[in-house]
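Colleague: please work out how this folds:
(2 chains)
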There are 2 protein chains.
Amino acid sequence: MRRGRTRRRQSREKARSGANLAPAYITRKIPYVDFLEEEALLRIEQHAEHLLRDVGIEFRNDPVALDLWRQAGAHVEGVRVRMPDGLVPQLCRTIPGQFVQHARNPARSVMIGGPHTVFAPAYGSPFIRDLEKGRRYGSLEDFRNLVKLTYSLPWLHHSGGVVVEPCDIAVNKRHLDMIYAHIRYTDKPFLGMITARDRAEDSVEMTRILFGAEYLEEHCCLMALVNANSPLMFDKVASEAMQVYAGANQAIIATPFILGGAMGPVTTAGALAQALAEALAAGAFTQIIRPGAPFVMGNFLSSMSMRSGAPTFGMPEPAMSSYVIGQLARRQGIPLRCGGALTAAKICDAQAAYESADGLHSTVMGGANYVLHAAGWLEGGLVMGYEKLVLDADRLGAMHVLLEGFATDDNGLASGAHAEVGPGGHFMGCSHTMANYETAFFDAVLSDSESFEKWQEAGGKDAQTRAYERWNSMLAGYEEPGIRIETDEALLDFMARKKASSEDAWY
Amino acid sequence: MRRGRTRRRQSREKARSGANLAPAYITRKIPYVDFLEEEALLRIEQHAEHLLRDVGIEFRNDPVALDLWRQAGAHVEGVRVRMPDGLVPQLCRTIPGQFVQHARNPARSVMIGGPHTVFAPAYGSPFIRDLEKGRRYGSLEDFRNLVKLTYSLPWLHHSGGVVVEPCDIAVNKRHLDMIYAHIRYTDKPFLGMITARDRAEDSVEMTRILFGAEYLEEHCCLMALVNANSPLMFDKVASEAMQVYAGANQAIIATPFILGGAMGPVTTAGALAQALAEALAAGAFTQIIRPGAPFVMGNFLSSMSMRSGAPTFGMPEPAMSSYVIGQLARRQGIPLRCGGALTAAKICDAQAAYESADGLHSTVMGGANYVLHAAGWLEGGLVMGYEKLVLDADRLGAMHVLLEGFATDDNGLASGAHAEVGPGGHFMGCSHTMANYETAFFDAVLSDSESFEKWQEAGGKDAQTRAYERWNSMLAGYEEPGIRIETDEALLDFMARKKASSEDAWY
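Modeller: Now for the predicted structure:
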């Protein structure tokens, strides 16, 4: 990374803040959960192969994609692509098992894949909510606030992408402001935009300005999220974004979004087989475009309310699918994005927390490598919540500890401590406690563990109210990581030219 | 079970209620989680053996217990009992790997141990809280309400014990009213009382009246919870209760309650070794009293806030210990009680739910057989919450589904469905969906998954408010399971005689 004049120097204050104490990403030290046995996993894999071979995947409105598939050896009929046995696994062989997504601050670069886990905030909500102003459309100011908060929250490793839709900016121009905010207000890695080919290209170009064109050619500095148009279909937006990002050697995260009973079967095994087929088809496609391009297989399975037909979140079926997609991804040797702190709740109440926690626990135990929607998600993704963001982020700290496991060496066993303390004694002052207590337990900042009386004296605030105070105080204390003035000027110049080159579009 | 005239017949309405659709207990169909490897487990086991052999366990103020240990081959010095290598494992060999706790309604009897999981409400709070009346001391009316609600909640299998302290009844007499409530207002199994020898004996006697003395001699109809006075100590209350219950062939659940840094080491491995030693010592003691008596090893590890020294709940260290104590218990072949929906939160807010959910998920995945505190717990156990009870219970339904796993047969894979629907199609009306949608997904009653607009029209209620409405409506619709009039009269007569035989004591 080039260094030079910066807009603002890192203060000594910031150097001591939590953000710098937390690791850039997690390296899992505990075993994986073998939810399904070999035979059952094979059945799902064989069903996925059958879907690719006999039913096929459609790539609509993108003749270039169809040509690429044809050249690679697939059977293309109209927009339907059928992949003979062996083709997809062979193509997927060049997908890296793990890779670095570089951040502009090298200490914040993340490992994607292998035993690593990376947390990112929620993505794609048109609405924003906070305790004071309630629910409203997201704005660029909200977007910037969320980037700043994510930068300040120690347990979020990644700045995410569309952390909320900046609805006050034209649809065809907001990608520029979003990418700029991710570059300017944080030094954590981020996602590029994908909603049209030129917006994907602009994302890559701005990242080139930041990192340098040569550096970008050899290093992954950007990931981008595309969804399958499930079942078994990719639209032009997705297939063109894949061409832009994989073509530039940047990472694609391809996520089948399957609401059981709508975009896929209501049974978990069937939905998983479909998700595997769709993700592998996307992975193979990126390798046709550029062998060795980084790729992440995504998974997003949701259940449905039998009372209303509405999508539900935090339910046991998606939890099981998180465990199993982890097994399937590891068998493929492909990095996995899945899960998150998902909920259908409208506010940050007990429902939101129950659903988010169950979803997150299984996501993490299941071995997800990149966890989008790890914080902030409300209302099935329609809303990003300020309070939800900081509350979820607090629980992500607990997940760091869980994935670290614990030691069973002499110190872990507290050898000698029981002889020192004796039956009926107290460990408070014993030498083992004195040597270990400072690092012994995770302490969630937003958990109030005080007595009822102390809690009441402090105002009897619920978690949501405490979270409101926390994000406001974090935002008030935010300090920019600093950026080279030349880089900043080049970015602003690029944006100005792009914005001037077309009329605003609002749909 | 004898049958005869009952106080109230089961209505047809009740026969259709959720309570009768839910299973009496869960039989796990998914694999266990191997959190620690063999070598690490061995180190913990060896450290537990060392504690039993070299440090020893104290049994205070109970010469009978010391005599029993001496006769069994332990080294007794003062009140300290040291157990030579092999003694405890040999004694524990007669502990049943699983057993039935009989309910007065045979359809509600539960399997304790093996691949089974049983959920019971929180235990031991002096305070109660609900949204209308706030926080206050528990009363007998609250106790009865909680028994009725637990009876009505489909995912709670067990009525528990001291669901709240009925503080308006004399300390030396309230056990009679509590046992009577568990017999009269529910037909689910329950726990006996232990706070003094005569109260334990009364609990057994009332259960004899219910089941018949001969039946009780051969069947476990009662379990009772004793805590170790950690570290490495049992007081007279615990050791006498063990003698009463095990002597009557009823089950003891012996739980080390270890707040790390106070009653045990701050490191998880050390706390686990201590907990294992304490539980095995209790288990061995029950087998000295009566070989083959049912026994459950308990575990309750809590972490501590580094900011205040207060106990914390729902944190990652206890979650890890739930995974590992499950491994340790299975290696011993002894049923396990651990975990629960624990929290330090004062009200049923997002903190309460996050902490409870993480604790419960690991409890269930870890393989706990009997889960006390599965619903209702607030404020580190000081408070039983009406809203918390029904909200937690809702999540227990999700745990049923998780432990059931999912099928990977042709129907599970939705064979043929993708060919029927085709790429880009919709699964709503396809034949596989039509055949499966009714049973496809768990739907949590208290989760609102409706749109924001519908939620707002319905009053914009948070989860706590919806829970308040639910428990009030459940209580209003409660119908007694009915009891034989002869049994009821015998119980009331026994209680009247007992109550008349001593003055009220209030401490």
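
Colleague: the strands in the stretch 51-200 of chain A, which residues?
Modeller: In the stretch 51-200 of chain A, the segments counted as strands under DSSP state E, counting those that start in this stretch are A:57-59, A:75-77, A:80-82, A:98-101, A:110-113, A:116-119, A:127-130, A:134-137, A:191-192.

Colleague: in chain A, which helix has the most residues?
Modeller: Secondary structure of chain A per DSSP state H: the longest helix is helix A:268-289.

Colleague: and stretch A:488-503, C-alpha only, in PDB?
Modeller: Presented in PDB, the C-alpha positions along stretch A:488-503 are these (Å, rounded to 0.1, in the frame of the first residue of the first chain):
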ATOM      1  CA  ASP A 488      -9.200  10.900  -2.300                       C
ATOM      2  CA  GLU A 489      -9.000  13.500  -5.100                       C
ATOM      3  CA  ALA A 490      -8.800  10.900  -7.800                       C
ATOM      4  CA  LEU A 491     -11.900   9.100  -6.400                       C
ATOM      5  CA  LEU A 492     -13.900  12.400  -6.100                       C
ATOM      6  CA  ASP A 493     -12.800  13.300  -9.600                       C
ATOM      7  CA  PHE A 494     -13.900   9.900 -11.000                       C
ATOM      8  CA  MET A 495     -17.300  10.200  -9.200                       C
ATOM      9  CA  ALA A 496     -17.900  13.700 -10.500                       C
ATOM     10  CA  ARG A 497     -17.200  12.700 -14.100                       C
ATOM     11  CA  LYS A 498     -19.400   9.600 -13.800                       C
ATOM     12  CA  LYS A 499     -22.200  11.600 -12.200                       C
ATOM     13  CA  ALA A 500     -22.100  14.300 -14.800                       C
ATOM     14  CA  SER A 501     -22.200  11.700 -17.700                       C
ATOM     15  CA  SER A 502     -25.800  10.700 -17.200                       C
ATOM     16  CA  GLU A 503     -29.200  12.000 -16.000                       C
END
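
Colleague: which parts of stretch A:124-143 are buried?
Modeller: Residues of stretch A:124-143 classed as buried: A:124-125, A:127-131, A:135, A:138-140, A:142-143 (neighbour count, 16 or more other CB atoms under 10 Å in any protein chain shown). Any C-beta I mention is one placed from the backbone N, CA and C, and that applies to glycine too.

Colleague: okay, among those, which ones form the most distant pair?
Modeller: A:Gly124 and A:Leu131 (22.1 Å; CB to CB).

Colleague: which residues touch A:Glu58?
Modeller: Listed by CB atoms under 8 Å, 6 or more residues apart in numbering or on different chains, the contact partners of A:Glu58 are A:Val79, A:Arg80, A:Val81, A:Leu232, A:Met233, A:Phe234, B:Pro423, B:Gly424.

Colleague: please name the nearest non-neighbouring residue to it.
Modeller: Nearest residue to A:Glu58, sequence neighbours excluded (CB to CB, 6 or more residues apart in numbering or on different chains): B:Pro423, at 4.0 Å.

Colleague: using the three-state scheme, assign that neighbour.
Modeller: coil (DSSP: H, G, I helix; E, B strand; the rest coil).

Colleague: also A:Met495?
Modeller: Using three-state DSSP, the structure places A:Met495 in helix.

Colleague: can you report how many residues lie near it?
Modeller: A:Met495 has 18 neighbours, counted by other CB atoms under 10 Å in any protein chain shown.
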